[in-house]
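> With the input below, show me the fold.
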Amino acid sequence: PPQPPCPSCRGPGGDLITNYVCREVICSLRICCKNVGETRTNGDDDADGRRVRRRPNENASACACDWTGRIDEWQRHADEECRLHVIKCDVPGCGTTCRRNEMSDHRRSDACIEARIEARVSAAVAAVEEKFAKELADLKEKARNTGSNGGYVLSFCREWMKTKPDPLFNFVVYREKIPHGSDDLTRLLVGIPGPLRTPWEGGLFPMMMEWEWGIDKPPKCQFPPGFHLPNVSTTGTVYILNLDEEESWRPDISIPELLFSIQQIIAHPDIRSPLQPNGYQLFMHRKDEYDRIAQEHARKYQPGRFLELAREAFRLVEDLPLILVESQQQEAREAPVEPPLSALNKDPVQKRPCVCSCCAWGTTTGGWDSHLQMRFLFCGS
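As a prediction, the model looks like this:
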């Protein structure tokens, strides 16, 4: 049968019985610290080139710890305070061992600094990888929940019917009719109202949104060809930074945020990335003429002619059923009240106060970002 362990040290003890009296006598003996320093002077190397350990007072350059105490207290002394005890560097990735009194010099050494930098870089890279892994997992989960591009668009339609954001109260959304049980829906027809208190006020401008390459890619957004706006090409394609994969596009940008961003460039075109030379020149140098054409667009694109002009612009056949995505409570709902405009708000291009509805629904602190775009305040979204 296996022998019981020693009741004191838990090692193999056989039939021995702990003598507590003897143990107390031994533990109470006073000893000097076991750690003795060693140095190198001329003639101190042995035949193999190794440093020679010397006892205290054997050589003027030798050193020793002057601690004395009970035997059972030495381990605590060595672990916590002995300046000659060999310890391990606590810098992640270093692992060097040296005496405690040499550790401060070691931490200033190139090797330790390099290990510290490598550890911080590794931690930063791991944090970024974890962040992107989480975002990817969220996207996959979202894709599983929605099923496909069409499922993503249908999910938006359900949310739009349930809770339309206050800043988008006057927007309208149409979708194509699809067979029952199908989710093959990849495009939306959106009516973007002209921002209030601008030359565009009163118009409802049709725009087609189409997800051609999946929900992790930005949708293609298109106004009617020839639409008078610097950030819209002659064919009607819209360019904003939130739709540019190399700039501000992120898969988690919601459809309401994109709609608000596009309405914002109607009131505040981004002059750094114009697609329409004529519209850019008029906006920069002949603002009165630019505003006159904007008013013509507002008169042309009246809400009552929205579907007629949209079918004409996007060549939608007359018999293609379009369903208005709207909740039954929307008609009875009162128009939301705009937040008060901040006195600090200024147009980032013209450097003067702006009172348009985009600025009212944008941040109340005049928070234009580095991309000349506003941060949004979506009530309830």
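> can you give me the strands for the stretch 1-150 of the chain?
Applying DSSP state E, counting those that start in this stretch to the stretch 1-150 of the chain gives strands spanning 30-32, 68-70, 86-88, 97-99.
> Of all those strands, which one comes closest to M207?
strand 86-88 (64.4 Å; C-beta to C-beta). (C-beta placed from N, C-alpha, C; glycine too.)
> Just checking: what are the partner strands of the closest one?
Neighbouring strands of strand 86-88 in its sheet, by DSSP bridges, are strand 97-99 (antiparallel).
> buried sites along the partner strand?
Neighbour-count burial for strand 97-99 flags R99 (criterion: 16 or more other C-beta atoms under 10 Å).
> now swap in stretch 205-212 and tell me
Residues 205-209, 211 are the ones in stretch 205-212 that count as buried (16+ other C-beta under 10 Å).
> and the spatially closest residue to Q264 that is not a sequence neighbour, backbone torsions?
In this structure, Q264 finds its nearest non-sequential neighbour in C358, 4.7 Å apart by C-beta to C-beta, 6 or more residues apart in numbering. Main-chain torsions, C358, degrees, to the nearest 10: phi -60, psi -40.
> Look at H268 and say how many residues are nearby.
24 (other C-beta atoms under 10 Å).
> where does the nearest residue to it once chain neighbours are set aside land in three-state SS?
Closest residue to H268 apart from its sequence neighbours, by C-beta to C-beta, 6+ apart: D347 at 6.3 Å. With DSSP: H, G, I helix; E, B strand; the rest coil as the basis, D347 sits in coil.
> Bridged to R175, which residues?
Beta-bridge partners, per DSSP bridges, of R175: L188, I323.
> Compute the number of surrounding residues for it.
By other C-beta under 10 Å, neighbour count at R175 equals 19.
> Look up how far D79 lies from it.
The gap separating R175 from D79 is 71 Å, by C-beta to C-beta, to the nearest Å.
> returning to that earlier point: which of the buried residues of stretch 205-212 lies closest to R108?
W211 (56.8 Å).
> So for that closest one, what pLDDT did the model give?
The confidence metric pLDDT takes the value 88 at W211.
> likewise V337?
87.
> which SS state does it fall under?
coil.
> just the one 5 residues further on next, same as before
Per three-state DSSP, the local secondary structure of S342 is coil.
> Mind giving me the packing neighbours of the top helix by length along the chain?
Looking across the chain with DSSP state H, the single longest helix is helix 110-146. When contacts are defined as 3 or more C-beta pairs under 8 Å, 6 or more residues apart in numbering; DSSP states H and E, helix 110-146 sits against helix 149-162.
> what's the helix it packs on packed up against?
For helix 149-162, where contacts count as 3+ C-beta pairs under 8 Å, 6+ apart, the packed elements are helix 110-146, strand 172-176, strand 187-193.
> now the second one and helix 149-162, what's the angle there?
Pointing back at strand 172-176 there. With axes from the mean of the first three to the mean of the last three C-alpha atoms, to 10 degrees applied, the angle from strand 172-176 to helix 149-162 works out at 140 degrees.
> And the average pLDDT for strand 172-176 is what?
pLDDT averaged over strand 172-176 gives 92.
> Flag every buried residue along it.
172-175.
> how far does it sit from the chain's center?
Distance, stretch centre to chain centre, for strand 172-176: 31 Å (C-alpha atoms, centre = their mean, to the nearest Å).
> What does the pLDDT read for the residue nearest in space to the middle of the chain?
By C-alpha atoms, centre = their mean, the chain has its centre lying nearest to K131, at 7.6 Å. K131 carries a pLDDT score of 86 in this model.
> closest one to A127 among the strands of the stretch 1-150 of the chain?
strand 86-88 (25.7 Å).
> ok, and what's touching the closest one?
By C-beta atoms under 8 Å, 6 or more residues apart in numbering, the residues outside strand 86-88 that reach it are 95-100, 103.
> nearest to R83, of these?
Nearest to R83, judged by C-beta to C-beta, of the contacts of strand 86-88 is R100 at 5.1 Å.
> For that closest one, give me its contacts.
Taking C-beta under 8 Å, 6+ apart as the test, what R100 contacts is 82-87.
> Filter these down to the buried ones.
Counted by 16+ other C-beta under 10 Å, the contacts of R100 give 82-85 as buried.
> among those, which two are most distant?
R83 and H85 (7.4 Å).
> and L309, what are its phi and psi?
According to degrees, to the nearest 10, L309 has phi -70, psi -30.
> I'd say it and Y301 touch.
Yes - counting by C-beta atoms under 8 Å, L309 does reach Y301; the two are 6.1 Å apart.
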